[in-house]
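In: build me a structure from this.
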Amino acid sequence: MTTREVEHEITIAAPAEAVYRLLADVENWPRIFPPTIFADRLEGGETEERIRIWATANGEAKNWTSRRTLEPRGLVITFRQEVSAPPVAAMGGTWIIEPAGESAARVRLLHDYRAVDDDPAGLAWIDEAVDRNSRTELASLKTNVEFAHAAREITFSFEDTVRIDGSAKDVYDFINDAHLWSERLPHVASVRCEEEYPGLQTLEMDTRAKDGSTHTTKSYRVCFPHRKIAYKQVTLPALMNLHTGYWTFTEDADGVSASSQHTVVLNTDNITRILGPDAGIPEARAYVQSALSTNSRATLGHAKDYAEARRNHAD
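Out: Down below sits the predicted model:
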């Protein structure tokens with residue numbers, strides 16, 4: 001079997017310990033790395049953990065489970081995929097963070113991998129994906145660490161929640177069945193939803209704004225029946241540089257709490273063009289939150305009607 005070994009590196013204007021902390025917390029990866037859709041810590045302690053990652057590679061959505069060893073003293077993180085997605089037969093590697101002065105770090109990202117059946121075409125596909133994603137990950141890491149202070153001002157999260165007298169399954173089904181949204185949701189003009197792998201969706205929508213205009217968005221969604229749907233929007237409106245979120249469904253004796261959570265990084269370059277010369281970050285934040293909340297609350301309201309009608313019909 002042919003094993004390929006490659007290395008990528010970048011220098012970041014931030015202390016090595018800060019870079020390590022950012023890499024060690026996989027829950028932030030969808031915000032840090034463009035290819036990552038969702039990352040989940042399945043189990044583990046301080047130095048060993050098992051994680052599952054959903055990410056795009058060469059435009060295709062993939063997911064895999066990895067084990068990681070964390071060495072905070074040495075600033076080293078090693079990883080090995082438990083079950084790889086074809087054409088990858090095996091994949092592993094190491095993050096090595098080295099101090100380069102008091103306020104800079106050299107980050108080295110090592111990969112080793114094999115293709116299924118040693119297929120040359122498969123190996124070429126992996127070569128391209130690893131090279132593209134490694135360069136993207138390192139550039140994003142550099143950007144996010146170096147501009148962490150500025151990003152705090154333009155990064156925000158919020159959540160809308162409704163109580164529903166129904167079952168978590170019915171509410172989940174309404175949100176999961178996005179291919180029906182153009183029939184069920186007035187603000188959705190058209191929708192294209194594909195599920196190439198169970199629980200991993202590609203969702204494209206044309207959505208109507210308050211002023212009657214429509215805009216197209218594309219998201220990848222990771223679905224966990226009947227409790228959570230996480231997503232990352234990859235085609236973004238002009239005022240956003242990043243938009244991730246999740247729907248959650250928590251059932252109790254009295255019904256369901258259904259929530260829509262959003263995390264946004266504003267695109268400050270477009271604020272005055274979109275909102276006028278006097279607009280700033282507060283106005284852009286309010287505008288984006290209002291637009292997203294309006295759609296979320298509308299969707300949750302229709303999900304509530306759907307689930308409560310099904311419960312009443314069953315009764």
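
In: only C-alpha atoms for contact and neighbour calcs from this point on.
Out: OK.

In: just the endpoints, please. Distance across stretch 56-64?
Out: Here the two ends of stretch 56-64 are set 11 Å apart, with distance taken as C-alpha to C-alpha, to the nearest Å.

In: what is the mean pLDDT for the longest helix anywhere in the chain?
Out: Criterion DSSP state H: the longest helix present in the chain is helix 281-314. The average pLDDT within helix 281-314 is 94.

In: buried residues in it?
Out: By 16 or more other C-alpha atoms under 10 Å, the buried positions in helix 281-314 come out as 284-285, 288-289, 292-297, 299-308.

In: same thing with stretch 161-176?
Out: So for stretch 161-176, counting by 16+ other C-alpha under 10 Å, buried means 161, 163-172, 174-176.

In: how about these in TSV, adding secondary structure and distance to residue 225?
Out: TSV is the format used below for the buried residues of stretch 161-176 (DSSP: H, G, I helix; E, B strand; the rest coil; distance: C-alpha to C-alpha, whole Å):
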residue	secondary structure	distance to residue 225
161	strand	19
163	strand	19
164	strand	17
165	coil	19
166	coil	16
167	coil	12
168	helix	9
169	helix	8
170	helix	11
171	helix	11
172	helix	7
174	helix	12
175	helix	11
176	helix	9
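
In: check contacts around residue 43.
Out: 49-51 (C-alpha atoms under 8 Å, 6 or more residues apart in numbering).

In: could you redo the last one with a cut-off of 10 Å?
Out: By C-alpha atoms under 10 Å, 6 or more residues apart in numbering, the contact list for residue 43 reads 49-52, 67.

In: confidence score at it?
Out: 94.

In: mind listing the strands whatever helix or strand it lives in pairs with, and their directions?
Out: Residue 43 belongs to strand 36-44 when assigned by DSSP states H and E. Here strand 36-44 is paired, per DSSP bridges, with strand 48-57 (antiparallel).

In: specify which member of the buried residues of stretch 161-176 is nearest to residue 127.
Out: residue 176 (34.0 Å; C-alpha to C-alpha).

In: my read: that closest one touches residue 226, true?
Out: Yes. Counting by C-alpha atoms under 10 Å, residue 176 touches residue 226, with 9.2 Å between them.

In: joint contacts of these two?
Out: 169-170.

In: dump the residue contacts of residue 303.
Out: Residue 303 neighbours (C-alpha under 10 Å, 6+ apart): 162, 164, 166, 170-175, 184-185, 258, 297, 309.

In: tell me the two of those that are most distant?
Out: Farthest pair in the contacts of residue 303 (C-alpha to C-alpha) is 166 and 185. Separation: 19.1 Å.

In: which residue is nearest the middle of this structure?
Out: In the chain, the C-alpha closest to the average C-alpha coordinate belongs to residue 37, at a distance of 3.2 Å (C-alpha atoms, centre = their mean).

In: quick one: residue 6 and residue 94, what's the gap?
Out: 11 Å.

In: these two: which has the busier surroundings?
Out: Legend: neighbour count by other C-alpha atoms under 10 Å for residue 6 and residue 94, higher for residue 94 (18 against 13).

In: now do the contacts for the more buried one.
Out: By C-alpha under 10 Å, 6+ apart, the neighbours of residue 94 are 7, 68-69, 76-80, 108-112.

In: give the buried subset of the residues you listed as a ChimeraX selection command.
Out: The ChimeraX selection below is limited to those of these classed as buried (16+ other C-alpha under 10 Å):
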select :68,69,76,77,78,79,80,108,109,110,111,112
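
In: and of the contacts of residue 94, the nearest to residue 200?
Out: For those, the nearest to residue 200 is residue 80 (22.1 Å; C-alpha to C-alpha).

In: what are the boundaries of the helices in this protein?
Out: Under DSSP H, the chain gives helices at 16-24, 29-32, 120-146, 148-154, 168-176, 181-184, 271-275, 281-314.

In: for residue 204, find the nearest of these.
Out: helix 181-184 (11.1 Å).

In: quick check: buried residues in the closest one?
Out: Buried, per 16+ other C-alpha under 10 Å, within helix 181-184: 181-182.

In: cool, stretch 58-70 as well?
Out: Those would be 61-63, 65-70, for stretch 58-70 by 16+ other C-alpha under 10 Å.

In: what residues go with each domain of the protein?
Out: If you go by automatic domain parsing, the domain ranges for the chain are 4-146, 153-314.

In: extract the residue ranges of the protein that are flagged as low pLDDT.
Out: 147-150, 314-315 (pLDDT under 70).

In: burial measure for the closest residue to residue 265 other than its chain neighbours, as a count.
Out: In space, and not counting its chain neighbours, residue 265 is closest to residue 155: 4.4 Å by C-alpha to C-alpha, 6 or more residues apart in numbering. By the criterion of other C-alpha under 10 Å, residue 155 has 18 neighbours.
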